[in-house]
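1. Got a predicted structure plus its sequence, pasted below:
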Amino acid sequence: MSKGLQLLVALVVIGMCLAAVPSYAGEVDILLQKLVEKGILTPGEAQEIKVETQEQVKREIAEGKSSSIPQWVQNTKLKGDLRLRFQDTHSKSSNNDTNERLRGRARLRLGLESKVNEKLLVGVGLATGSSDASSINKDTIRSTNQSFDNSFSKHPINLDYAFAKYMPFPWLNLVGGKMLLKDALWEPGDLMWDTDITPEGVVVDFSKKLTPVIEAFLKSGFFSLEEVNNSSDDPFMAHFQPGISLQPSDTIKARSALTVYYFGVQDQQLNGSGQSNSWYSSGDTQTPRKNILNVQPLLELNINKPFSALGIPLLDIPQLKLFGEYVKNLSETLPDDNKSGYMLGFGFGAEKVSNWGDWQAGYNFARLEKDAILDILPDSDRYEGQTNIRAHEVKFSYGLSKNTWLDIDIYRSQKLSKPKAPQTLIQVDWNMKF
């Protein structure tokens, strides 16, 4: 048998082995070694063949075209992450007493996505956290953190999201269920929305490239806020978010949107008669809210290698991000003051921290008046999720290895009204993604 024919037979056998079951990988190594020993392949050629064949098998599995693996397995992806946190909360009370709380916390999230067919995707996620409310506002159970407490007792795992996404056209997504926040709306920071919130309802998501430089998008949805016994006036939220993305070059990308929110929140859900006090402003106003209308303009600018023209190695930063948000409550049932908020911030470093040495740093300032938004929405880390506050946040992330990184996050917050009761929150996180 000629050397060329021997090589062809060997490649066929290798392809069959790698395409069948992962346990054959060791047998492929043995076969390649034999071919090297017989002089049919050089060590370099053997390694190149192995890598190329493995990559081909991976592509077939990713595209759902592998004939040796069940279709449902190829169409299903599992993902997860674990975060271990040390947290120090140092605060002043209204009578100027100093309080400090040290906590160890964990967050575990597991997710599954499966393609039912080419146009339909189902996502399901589990997460920790429902039993771990804020230390100040006991109604703000929107975090996925779980504190280490209760004498080594067991902690629950809860449904974080469960949604279906129908994609009838490349420019249209229809999403229903308890969904990821990114599917519901776009926000460059977290002025209005805690990023752990998974809203429940339906969303229509349009995205269309108008020119090579301009892309338009629109997200609009309807969400349930609470189910009230013996009432047909359950609180709800509807939103409409048109926006536009501009990318005039490989260096610059800008995105802007205007979000309009309508909250159908009736008086009977606000007067304390068996309902959650979280509907009230944490600024201690007792004015019932009704049919709230919020507007929120948003802007983000990304610049790749912003200082490359200077030729200074120390300023060789991969990416710079600038962003701003503003929110205004237009409801006429409340006084005109204390109804707005804004956030300004920047970030720089790697686009994503996923390997050793990758890093990111950022800063933002947020001001949120007591009647600007509903109290069920803000970031639970920023002054325990309250409104009527102002806060500085500094964050730094550093890659420890592939898919694991360290975060250091510092908040310095205080109330807008007296007593100011300042609070410093320090979080040190070890993140692992799998």
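-> Great, that's in hand.
2. average pLDDT for stretch 180-198?
-> On average, the pLDDT along stretch 180-198 is 96.
3. Now that stretch: buried residues?
-> Under the neighbour-count criterion of 16 or more other C-beta atoms under 10 Å, stretch 180-198 has 180-181, 183-198 buried. To be clear about C-beta, it is placed using only N, CA and C from the backbone, and glycine gets the same treatment.
4. Of the residues you listed, which belong to strands?
-> Of the buried residues of stretch 180-198, none are assigned to strands by DSSP state E.
5. Out of those, list just those in helices.
-> Assignment to helices by DSSP state H places the following of those there: 181, 183, 184.
6. now, which of the residues you listed sits nearest residue 226?
-> residue 184 (17.3 Å; C-beta to C-beta).
7. wait, what's in contact with that closest one?
-> By C-beta atoms under 8 Å, 6 or more residues apart in numbering, the residues touching residue 184 are 175, 199, 201, 203, 219, 221, 223, 239.
8. any idea which element the fourth one lies in?
-> What that stands for is residue 203. Assigned by DSSP states H and E, residue 203 belongs to strand 200-209.
9. Pairing partners for that strand, with directions?
-> strand 172-178 (antiparallel), strand 214-224 (antiparallel) (DSSP bridges).
10. among these, which is nearest residue 330?
-> Residue 330 lies closest to strand 214-224 among those, at 18.4 Å (C-beta to C-beta).
11. quick one: low-confidence parts of the stretch 301-434 of the chain?
-> Along the stretch 301-434 of the chain, the model assigns pLDDT under 70 to residues 333-335.
12. how does it look with 50?
-> Scanning the stretch 301-434 of the chain for pLDDT under 50 picks out nothing.
13. which residues in the protein form helices?
-> With DSSP H as the criterion, the chain has helices at 3-20, 25-37, 43-62, 71-74, 181-184.
14. give the contact list for residue 200.
-> Residue 200 neighbours (C-beta under 8 Å, 6+ apart): 177, 178, 179, 223, 224.
15. Report whether the expected contact of the second one with residue 199 is present.
-> Translated: residue 178. Yes - if you go by C-beta atoms under 8 Å, residue 178 and residue 199 touch, sitting 7.5 Å apart.
16. For these two, indicate the residue with more neighbours.
-> residue 199 (25 against 18; other C-beta atoms under 10 Å).
17. now the more buried one: how far from residue 222?
-> According to C-beta to C-beta, to the nearest Å, residue 199 stands 10 Å off from residue 222.
18. Next, show the common contact partners of these two.
-> residue 237.
19. Could you count how many residues lie near the closest residue to residue 340 other than its chain neighbours?
-> With C-beta to C-beta, 6 or more residues apart in numbering as the criterion, residue 340 has its nearest non-adjacent residue at 4.8 Å, and that residue is residue 328. Residue 328 has 17 neighbouring residues, counting by other C-beta under 10 Å.
20. mind listing what residue 328 touches?
-> Contacts of residue 328 by C-beta under 8 Å, 6+ apart are 294, 295, 296, 339, 340, 372.
21. The second one contacts residue 257, correct?
-> No - contact status for residue 295 versus residue 257: not in contact, 11.2 Å apart, counting by C-beta under 8 Å.
22. The two: which is more packed in?
-> Remark: of residue 295 and residue 257, residue 257 carries more neighbours, 21 against 14, as counted by other C-beta under 10 Å.
23. how many neighbours does the closest residue to the more buried one other than its chain neighbours have?
-> Closest residue to residue 257 apart from its sequence neighbours, by C-beta to C-beta, 6+ apart: residue 243 at 3.0 Å. By other C-beta under 10 Å, 19 other residues sit near residue 243.
24. Same question for residue 323.
-> 21.
25. And it, how close does it get to residue 342?
-> Taking C-beta to C-beta, one finds residue 323 at 11 Å from residue 342.
26. ditto for residue 382
-> Here residue 382 is placed at a distance of 14 Å from residue 342 (C-beta to C-beta).
27. okay, and the common contacts of those two?
-> Residues touching both residue 382 and residue 342 by C-beta under 8 Å, 6+ apart: residue 366.
28. Between these two, point out the one with more neighbours.
-> Counted by other C-beta under 10 Å, residue 382 and residue 342 do not tie: residue 382 has more neighbours, with 25 against 19.
29. Chain neighbours aside, what residue packs nearest to that one?
-> Nearest non-adjacent residue to residue 382 (C-beta to C-beta, 6+ apart): residue 391, at 5.0 Å.
30. ok, residue 121 touching residue 76?
-> No - counting by C-beta under 8 Å, residue 121 does not reach residue 76; the two are 10.6 Å apart.
31. Find residues that contact each of those two.
-> With C-beta under 8 Å, 6+ apart as the test, residue 121 and residue 76 both reach 113, 114, 115.
32. Out of those, which comes closest to residue 402?
-> Closest to residue 402, out of all of the shared contacts of residue 121 and residue 76 and judged by C-beta to C-beta, is residue 113, at 21.6 Å.
33. Kindly provide the distance from the closest residue to residue 322 other than its chain neighbours to residue 70.
-> Spatial nearest neighbour of residue 322, chain neighbours left out: residue 301 (4.6 Å); criterion: C-beta to C-beta, 6+ apart. Distance, residue 301 to residue 70, by C-beta to C-beta: 46 Å.
34. Equivalent analysis for residue 341, please.
-> Residue 341 sits 51 Å away from residue 70, going by C-beta to C-beta.
35. Looking at the two, which is more packed in?
-> Neighbour comparison, residue 341 and residue 70: the larger count goes to residue 341, with 27 against 9 (by other C-beta under 10 Å).
36. Domain parsing of the chain, as residue ranges.
-> 3-62, 81-433 (automatic domain parsing).
37. Tell me where the model's unsure across the stretch 151-300 of the chain.
-> In the stretch 151-300 of the chain, residues with pLDDT under 50: 268-287.
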